[in-house]
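> no FASTA, just this:
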């Protein structure tokens, strides 16, 4: 499967590959990638913003599991033209963080350093919030939809209580014109994501040995996805993990505190 990619920057620093979470898109990382492309606080880096399988403008598949998605992202990295010995940094949030961890363990030669954002190598059980999101999205009557405001109202009436989350989910709603008629559609493969939700929330223990490279583990202080009891699992797989907790940030750390997140990430990228 070919993954849709957006490229930002052309600096002499690292190639930074971004992997988003469930219902995200590569473009969610645009402002951070643009900040990394400047030389204000260090060497400019270039970024590869990928749409994960069954999301955004990437293709759909019949199944979703972490090893397969990790291999698909690895193939995208291998296909990207790189300079000789150009170091690659991998950044993944939530589902993308689990993809990034599996990729690093399965293809250690591709990754120079790893940043895992508000996720841990553990199973999370029910994933109640995301079940609610996909249910609300799937139940929207697209044939009778007049505008985005109507779609937002529907999400709010069906359990998506936070305005910021509704706005995030609605980035996936597309308005097309065909034969003079307006047609609405969801970009993600909602049926498969719904079917795979338990697997996406789970963590299958890798068979690969621990990865010895540097790892930045970023947590939102108001999130429950990184807990002290998860540290042992993280350090077993990635012994050189350093945890940074960002205040006044929940699960979408990079959206809640973009300036602080970018500063923390840049320091990690620029450390020899």
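On my side now, so go ahead. None of these values were measured; they are calculated from a predicted model. Numbering: from 1, shown residues only.

> okay, CA-based contacts and neighbour counts for the rest of this
Noted.

> show me what contacts residue 36?
44-46, 262, 266 (CA atoms under 8 Å, 6 or more residues apart in numbering).

> then residue 86?
Residue 86 sits next to 14-15 when contact means CA under 8 Å, 6+ apart.

> one more time with 10 Å, if that's ok
12-15, 112 (CA atoms under 10 Å, 6 or more residues apart in numbering).

> what is the nearest of these to residue 22?
Comparing these against residue 22 with CA to CA picks out residue 15 as the nearest, at 23.2 Å.

> how far away is the closest one from residue 78?
12 Å (CA to CA, to the nearest Å).

> checking my notes, residue 77 in a helix, right?
Yes: looking at residue 77 with DSSP: H, G, I helix; E, B strand; the rest coil, it is inside a helix.

> tally of neighbours for the nearest residue to residue 78 once chain neighbours are set aside?
Nearest non-adjacent residue to residue 78, counting by CA to CA, 6 or more residues apart in numbering: residue 110, 7.9 Å away. Neighbour count of residue 110, defined by other CA atoms under 10 Å: 17.

> so which residues of the stretch 151-272 of the chain form helices?
For the stretch 151-272 of the chain, the helices defined by DSSP state H, counting those that start in this stretch cover 163-170, 190-201, 231-237, 253-256, 258-270.

> nearest to residue 103, of these?
Nearest of the helices of the stretch 151-272 of the chain (CA to CA): helix 231-237, 12.4 Å.

> show me what that closest one is packed up against.
Helices and strands touching helix 231-237, by 3 or more CA pairs under 10 Å, 6 or more residues apart in numbering; DSSP states H and E, are helix 95-106, strand 215-220, strand 241-246.

> flag every buried residue along the last one.
Read it as strand 241-246. By neighbour count on 16 or more other CA atoms under 10 Å, the buried set for strand 241-246 is 241, 245-246.

> check the average confidence over that strand, would you?
For strand 241-246, mean pLDDT is 99.

> pull up the pairing partners for it, direction included.
strand 215-220 (parallel) (DSSP bridges).

> just the angle for the strand it pairs with relative to helix 258-270, thanks.
170 degrees (axes from the mean of the first three to the mean of the last three CA atoms, to 10 degrees).

> mind listing what's buried in strand 215-220?
Neighbour count says strand 215-220 has 215-220 buried, by 16+ other CA under 10 Å.

> redo these as JSON lines? Include distance to residue 155.
JSON lines is the format used below for the buried residues of strand 215-220 (distance: CA to CA, whole Å):
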{"residue": "215", "distance to residue 155": "36"}
{"residue": "216", "distance to residue 155": "34"}
{"residue": "217", "distance to residue 155": "32"}
{"residue": "218", "distance to residue 155": "29"}
{"residue": "219", "distance to residue 155": "27"}
{"residue": "220", "distance to residue 155": "25"}
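
> from those, pick the one nearest residue 148.
Ranked by distance to residue 148 (CA to CA), the buried residues of strand 215-220 are led by residue 220 at 29.6 Å.

> what domains does the record give for the chain?
The chain resolves into domains spanning 5-124+202-270, 128-195 when parsed by the TED database.

> and residue 35, what does it touch?
Contacts of residue 35 were listed using CA under 10 Å, 6+ apart, and they are 8-9, 41, 44-45, 259, 262-263, 266.

> sorry, wrong one. I was asking about residue 224.
Applying CA under 10 Å, 6+ apart to residue 224 gives the contacts 118-119, 250-251.

> could you dump the buried residues of strand 241-246 to CSV with distance to residue 54?
Shown next, in CSV, are the buried residues of strand 241-246 (distance: CA to CA, whole Å):
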residue, distance to residue 54
241, 30
245, 30
246, 30
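
> ok, of the residues you listed, which one's closest to residue 162?
Comparing the buried residues of strand 241-246 against residue 162 with CA to CA places residue 246 closest, at 20.4 Å.
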